[in-house]
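Chemist: would you be able to build a 3D model of this:
(2 chains)
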2 protein chains.
Amino acid sequence: MPAEPLALGFDADDTLWHNETLFAAAHQKFHALLAAYHDPATVERAHYATELRNLPLYGYGVKGFTLSALETAIELTAGRVSAHELRELIALGRDILAHPVELLDAVPATLAALAATGHRLLLITKGDLQHQERKIAASGLAPHFLAAEVVSEKDDATYARLLTRHGIEPARFLMVGNSLKSDIAPVLRLGGYAAHVPYPLTWEHEKLDRLPPAPGRFFTLESLRDLPALIARLP
Amino acid sequence: MPAEPLALGFDADDTLWHNETLFAAAHQKFHALLAAYHDPATVERAHYATELRNLPLYGYGVKGFTLSALETAIELTAGRVSAHELRELIALGRDILAHPVELLDAVPATLAALAATGHRLLLITKGDLQHQERKIAASGLAPHFLAAEVVSEKDDATYARLLTRHGIEPARFLMVGNSLKSDIAPVLRLGGYAAHVPYPLTWEHEKLDRLPPAPGRFFTLESLRDLPALIARLP
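Modeler: Numbering: from 1, shown residues only, chains lettered A, B, ... in the order given. Below you'll find the model as predicted:
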């Protein structure tokens, strides 16, 4: 048990519940839909390039994914893709948005145990505001958290603003998440702790080669269920 | 001048800057695009029905508008609409998202005057998180506000939560906006003041026939520039 309780930030998508698996399935169906025109690798590359180009206008989330997939399909087929095929793409996006929340292993018990030992829990997730709020509500996890913050980007400035809003010293903050880029690196730069819990799949855009140096402040866990033991060892 | 300063909530779209005019222009281009298939009233009716049906999944904002327009175009033409025509619809949405922020008359001066007399100003807007944040930043108005809150819905529960978060008594809160449904009625029900500044255009979904009774708490202004004089008369 640390000397005094910490504030614990939790990423949501692929940390508390499955997400990237849904996108991966949608990508596969997208590739199948365009199989008559291009190989999967070409579709994937073109779609990712379109997503990156549209990110400043669309932001993160399923609707931007869908619009970029539609645009990619039209471009890659020089307009030969049919309206019925494009309707399939719209349905792929809607399927993700309508999909029930599937919690990862041990999540409710771990959150309950941490809250019971006096730590303050914050949920910090980026993406589409309405979709994230629906998933938070459907997860049943909201009562464990002091607050749920949906943000448009998870960078140093965002974390600094949230820590200030909740009166948290960076040195007494630990962030847990699956994305080195969005959950780990910014918090290490601010002087906090970060626990990386890898998810089997990672969106290209969330990959990161190098972390900032942070001796004694960065940890890798196999599962969220290992978090209470880690926290108990912190000073 | 009221006995003590108020907290003032400001809607953003069509209250601080133009918005519905951009959608109206996009609707007209949408109607023109489908003119070979259907008259404008039919397109409009079908698109609005699609938008309402998709609202629980898409929420408010330009991306949902675009996806619903695409779906409507495919349905209304039984799939005969071309991929190139659908690409035009995607471009219509992107044009709105990329459009510069155009402030309404007298907005910066009015906000500055109100902040200078000690009132606390909050911006409260609903819609797409990333687009709203971009517009807030581009407007240059952020320094006038204590906080800018982007919410997924503007109902009684949302306002109650925001007033609690900022330690505001409902009786000392005045909300300003163009939507009777989203800006005015919920705040009147909570016991606050509300000033309606109509915008020349109103989205069908924001229309409301009857307001809750609120003697002495509801006002209609022709322009935001009339707000300081109204506030000076309040108890």
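
Chemist: contacts for the biggest strand by length in chain A, please.
Modeler: Criterion DSSP state E: the longest strand present in chain A is strand A:120-126. With contacts defined as C-beta atoms under 8 Å, 6 or more residues apart in numbering or on different chains, strand A:120-126 is touched by A:5-13, A:16, A:60, A:111, A:114-115, A:132, A:136, A:141-142, A:144-154, A:159, A:162, A:166, A:168, A:175, A:182. Yep, even glycine has a C-beta here, placed from its N, CA and C like the rest.

Chemist: so which of those residues sit within helices?
Modeler: Among the contacts of strand A:120-126, the members falling in helices (DSSP state H) are A:111, A:114, A:115, A:132, A:136, A:159, A:162.

Chemist: so which of those are also by chain B?
Modeler: Applying C-beta under 8 Å from any C-beta of the partner chain, the subset of the ones in helices among the contacts of strand A:120-126 adjacent to chain B is empty.

Chemist: quick check: which ranges of chain A have low pLDDT?
Modeler: Confidence mapping of chain A against pLDDT under 70 gives the ranges A:1, A:3.

Chemist: now with 90, please.
Modeler: Applying pLDDT under 90 to chain A flags residues A:1-4, A:105, A:201-204, A:206-207, A:209, A:235.

Chemist: and the helix ranked longest in chain A, what's buried?
Modeler: Criterion DSSP H: the longest helix present in chain A is helix A:40-58. Residues of helix A:40-58 classed as buried under the neighbour-count rule (16 or more other C-beta atoms under 10 Å in any protein chain shown) are A:43, A:44, A:46, A:47, A:48, A:50, A:51, A:54, A:57, A:58.

Chemist: what sits up against that helix?
Modeler: By C-beta under 8 Å, 6+ apart, the surrounding residues in contact with helix A:40-58 are A:27, A:30-31, A:34, A:38, A:64-65, A:67-69, A:71-72, A:75-76, A:204-205, B:63, B:94, B:97-98, B:130.

Chemist: I'd like the ones in helices among the contacts of strand A:120-126 laid out as JSON lines, including distance to residue A:85.
Modeler: What follows is the ones in helices among the contacts of strand A:120-126, written out as JSON lines (distance: C-beta to C-beta, whole Å):
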{"residue": "A:111", "distance to residue A:85": "42"}
{"residue": "A:114", "distance to residue A:85": "47"}
{"residue": "A:115", "distance to residue A:85": "48"}
{"residue": "A:132", "distance to residue A:85": "29"}
{"residue": "A:136", "distance to residue A:85": "34"}
{"residue": "A:159", "distance to residue A:85": "41"}
{"residue": "A:162", "distance to residue A:85": "42"}
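
Chemist: scan those residues and report the most crowded one.
Modeler: The most crowded member of those, judged by other C-beta atoms under 10 Å in any protein chain shown, is residue A:159 (25 neighbours).

Chemist: how near is that one to residue A:183?
Modeler: Going from residue A:159 to residue A:183 by C-beta to C-beta, to the nearest Å gives 10 Å.

Chemist: same question for residue A:55.
Modeler: Distance of residue A:55 to residue A:183, given as C-beta to C-beta: 18 Å.

Chemist: same check, this time on residue A:177
Modeler: Separation of residue A:177 from residue A:183 (C-beta to C-beta): 3 Å.

Chemist: mutual contacts of these two, please.
Modeler: With C-beta under 8 Å, 6+ apart as the test, residue A:177 and residue A:183 both reach A:11, A:15, A:194, A:196.

Chemist: what's near enough to touch the last one?
Modeler: To tie it back to what came earlier, the one meant is residue A:196. Here residue A:196 is in contact with A:177, A:178, A:180, A:183, A:184, A:218, A:219, A:220, A:221 (C-beta under 8 Å, 6+ apart).

Chemist: my guess is the first one contacts residue A:11, does it?
Modeler: The reference is to residue A:177. Yes - the pair residue A:177 and residue A:11 qualifies as a contact (C-beta atoms under 8 Å) at a distance of 3.1 Å.

Chemist: next to chain B, which bits of chain A? Give me the list.
Modeler: A:54, A:57-60, A:63-64, A:66-67, A:70-71, A:73-74, A:77, A:79-84, A:86-87, A:90, A:93-94, A:97-98, A:128-131, A:133, A:150-153.

Chemist: are any of those buried, and which?
Modeler: Buried, going by 16+ other C-beta under 10 Å: A:54, A:57-60, A:63-64, A:66-67, A:70-71, A:73-74, A:77, A:81-83, A:86-87, A:90, A:93-94, A:97, A:128-131, A:133, A:150-152, out of the residues of chain A next to chain B.

Chemist: ok, now which ones touch the residue lying farthest from the centre of chain A?
Modeler: Farthest-out residue of chain A from its mean C-alpha position, per C-alpha atoms, centre = their mean: residue A:80, at 34.4 Å. Taking C-beta under 8 Å, 6+ apart, we find residue A:80 in contact with A:37, B:83.

Chemist: which of the three states applies to it?
Modeler: coil (DSSP: H, G, I helix; E, B strand; the rest coil).

Chemist: now it. Its backbone dihedrals?
Modeler: phi -80, psi -20 (degrees, to the nearest 10).

Chemist: residue A:168 is in contact with residue A:146, correct?
Modeler: No - shown here, residue A:146 and residue A:168 do not form a contact pair, counting by C-beta under 8 Å, at 10.2 Å.

Chemist: the more surrounded of the two?
Modeler: Neighbours of residue A:146 and residue A:168, each counted by other C-beta under 10 Å, are more numerous for residue A:168; the result is 19 against 13.

Chemist: from residue A:6, how far out is the more buried one?
Modeler: Counting by C-beta to C-beta, the gap from residue A:168 to residue A:6 is 9 Å.

Chemist: could you do residue A:144 as well?
Modeler: Taking C-beta to C-beta, one finds residue A:144 at 15 Å from residue A:6.

Chemist: before we move on, the earlier item: got a winner among the shared contacts of residue A:177 and residue A:183 for most neighbours?
Modeler: With neighbours taken as other C-beta under 10 Å, the top of the shared contacts of residue A:177 and residue A:183 is residue A:194, carrying 26 neighbours.

Chemist: that one looks like it's in a helix, true?
Modeler: No - membership of residue A:194 in a helix is not supported by three-state DSSP, which gives strand.

Chemist: skipping adjacent residues, who's closest to it in space?
Modeler: The shortest distance from residue A:194 to any non-neighbouring residue, by C-beta to C-beta, 6 or more residues apart in numbering or on different chains, is to residue A:184 (4.3 Å).

Chemist: re the thing from before, tell me the helix or strand right after the longest helix of chain A.
Modeler: Past helix A:40-58, further along toward the C-terminus, the next helix or strand under DSSP states H and E is helix A:62-76.
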